[in-house]
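Q: fold the stuff below for me.
(one chain, ligands or ions: 1)
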Amino acid sequence: MRLDKYLALAGYGSRKEIKQFIRNGYVEVNGEIIKKDDFKIDENNDSVTFDGELVEYMEHVYIMMNKPAGCVCANDDRKAETVFEYVPEYSHRDLFTVGRLDIDTTGLLLITDDGDFAHHIISPKNMIPKVYQCDLISPINDEQIKQLETGIDFKDFSSMPAKVEVVDSKRILLTIFEGKFHQVKRMLIAVGNEVVNLKRLSIGDVTLDEELIEGGYRLLTTDEYDKLIKK
Ligand code: URA
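A: Next comes the predicted model:
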């Protein structure tokens, strides 16, 4: 990989700024000052320093966020805050969310710049379960549970059978295997109930880190990444 690209991905500035830093002798590769921005490095083996400090390189980032209510999963929005405003130190990357949560939904959101990873998780053929905690307007009943667990025919799609765990009469954990627009809210309306509060708790075997306050985030661990792509 080119040296200037490597430093841009590591967050050292724009390509233009980095070219200037390189020309000014800020950058060493394996202990030698390199002044050519197109110098090719081996990102897995070479040691690169910037102004004497080792550069930590990540090809991609995988962020776990506890999404707060009131912000949207879009790259820009004229009215509302976006989830990307919560992760300014990664703004030099082409980030996107892995699927979307509604503006009022909270909980586990994955943000990345790795298209293959996102595709793997959202592809319905991989049947990756997502668990939502749903607070309901009315007590859930057996008939509603049966309909949710059988699958529901909408005009535009049919939901796959979901799993329902009753926490109490007005709170359920709903596991679904797809992620259509407003799917959980639509499913509950279709069975004659309504979601008043929605929080995503897990995706596959990865559960929202309880230490994360709303709006908090951290990088996924290697173990969590491996669980999601089932290495
Ligand atoms: N289903 C919904 O209805 N909303 C979400 O934000 C996620 C799933």
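Q: could you give the bridge partners of the residue located most distally from the centre of the chain?
A: Most distant residue from the mean C-alpha position of the chain: residue 32, 38.0 Å away (CA atoms, centre = their mean). Residues in a beta bridge with residue 32, per DSSP bridges, are residue 29.
Q: buried sites along the top strand by length along the chain?
A: Using DSSP state E, we find that the single longest strand of the chain is strand 195-203. Neighbour-count burial for strand 195-203, counted by 16 or more other CB atoms under 10 Å, picks out 195, 198-200, 202-203. All C-beta atoms are positioned from the backbone trio N, CA, C, and that covers glycine.
Q: residues contacting the helix or strand following that strand, please?
A: For strand 195-203, the succeeding helix or strand toward the C-terminus, using DSSP states H and E, is strand 206-207. With contact meaning CB atoms under 8 Å, 6 or more residues apart in numbering, strand 206-207 is reached by 64, 108, 201, 220, 224, 227-228.
Q: how about low-confidence regions in the chain?
A: 231 (pLDDT under 70).
Q: how about the residues of it near the ligand?
A: Residues of the chain lying close to the ligand (CB under 6 Å from any ligand atom) are 101-102, 105, 182-185, 198.
Q: recalculate using a threshold of 8 Å.
A: Listed as neighbours of the ligand in the chain under the rule CB under 8 Å from any ligand atom: 99-102, 104-105, 130, 132, 176, 179-187, 195, 198, 200.
Q: which of these fall in strands?
A: Counted as lying in strands by DSSP E, out of these, are 130, 132, 176, 195, 198, 200.
Q: make TSV out of those residues and add distance to residue 113.
A: Converted to TSV, those look like this (distance: CB to CB, whole Å):
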residue	distance to residue 113
130	21
132	26
176	26
195	31
198	26
200	21
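Q: what's the most distant pair in those residues?
A: Farthest pair in these (CB to CB) is 130 and 195. Separation: 14.4 Å.
Q: on that earlier part again, helices - which of the residues of the chain next to the ligand land there?
A: Residues of those located in helices (DSSP state H): 183-187.
Q: among those, which one lies nearest to residue 81?
A: Nearest to residue 81 among these, with distances taken as CB to CB, is residue 185, at 21.2 Å.
Q: now for the closest one, how many residues are close by?
A: By other CB atoms under 10 Å, the residues close to residue 185 number 18.
Q: touching, it and residue 196? I think so.
A: No: using CB atoms under 8 Å, residue 185 is not in contact with residue 196; the gap is 9.9 Å.
Q: quick check: domain ranges of the protein?
A: What automatic domain parsing lists as the domains of the chain is 3-54, 62-123+207-229, 129-203.
Q: phi and psi next, for residue 143.
A: phi -60, psi -40 (degrees, to the nearest 10).
Q: and it, how far is that from the ligand?
A: According to CB to the nearest ligand atom, to the nearest Å, residue 143 stands 21 Å off from the ligand.
Q: nearest residue to that residue in space, please, no chain neighbours.
A: residue 191 (7.7 Å; CB to CB, 6 or more residues apart in numbering).
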